[in-house]
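Participant: Okay, here's the prediction I keep looking at, along with the sequence it came from:
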Amino acid sequence: MINVKYIETENEYNSALSIRKEVFIEEQNVSIEEEIDEYEKIATHILALENSKAVGTARWRYTDDGVKLERFAVLEPYRSHGVGRALVEFAVDELREENLLYLNAQKYVIPFYRKFNFEEIGDIFYEAEIPHKKMVYNKEIV
């Protein structure tokens with residue numbers, strides 16, 4: 001059973017950082033300076049737990065364009081267990097009243113986000129030398 005919750009304690013935040021470091025810094029070679037950015041303190045962070053173990057995380061923040069969902073990360077042994085789905089569904093549900101939700105998806109996970117009614121816009125661009133595409137949540141389809 002996967003439970004997603006708001007991060008409320010320093011221990012929970014440290015668990016989320018540990019997941020992000022393993023996924024982005026170790027697996028994908030993103031620099032720590034790019035991963036741990038100036039938005040850490042203003043973003044809303046969430047944590048996915050499987051049997052009380054922290055296995056995934058994400059965050060969102062308000063921008064001039066809308067609410068940006070970002071830093072979705074799931075530990076490798078827990079991928080394809082529904083953790084990513086639970087994180088996306090939690091975020092979309094919590095932010096359902098917002099006008100615009102968007103994210104910058106790594107190219108290889110674009111099909112995953114399409115399942116949740118995110119639509120690609122614009123051209124491929126690079127963040128941390130990884131190809132991404134902006135995707136916007138389409139409320140009309142839901």
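Facilitator: Perfect, thanks for sending it.

Participant: Backbone dihedrals for residue 138, please?
Facilitator: Backbone dihedrals for residue 138, given as degrees, to the nearest 10, come out at phi -100, psi 100.

Participant: Model confidence for it, exactly?
Facilitator: Residue 138 carries a pLDDT value of 89.

Participant: Wait, it touches residue 119, no?
Facilitator: Yes. Counting by C-beta atoms under 8 Å, residue 138 touches residue 119, with 5.2 Å between them. Every residue, glycine included, has its C-beta placed from N, CA and C.

Participant: quick one: residue 53 from residue 11, how far?
Facilitator: According to C-beta to C-beta, to the nearest Å, residue 53 and residue 11 sit 13 Å apart.

Participant: Quick check: which element contains residue 45?
Facilitator: strand 44-50 (DSSP states H and E).

Participant: Can you list the neighbours in contact with that strand?
Facilitator: Residues outside strand 44-50 that contact it (C-beta atoms under 8 Å, 6 or more residues apart in numbering) are 1-7, 12-13, 15-16, 54-61, 74, 78, 81, 83, 86-87, 90-91.

Participant: who's in contact with stretch 97-107?
Facilitator: 65-70, 72, 91-92, 95, 112-113, 118, 120, 124-125, 127, 130-137.

Participant: Tell me which other helices or strands the worst-scoring helix or strand of the chain on mean pLDDT touches.
Facilitator: For the chain, using mean pLDDT, DSSP states H and E, the weakest element among its helices and strands is helix 32-35, scoring a mean of 94. Using 3 or more C-beta pairs under 8 Å, 6 or more residues apart in numbering; DSSP states H and E, no helix or strand is in contact with helix 32-35.

Participant: Now it: buried residues?
Facilitator: In terms of neighbour count (16 or more other C-beta atoms under 10 Å), helix 32-35 has its buried residues at residue 35.

Participant: No further queries at this time; thank you.
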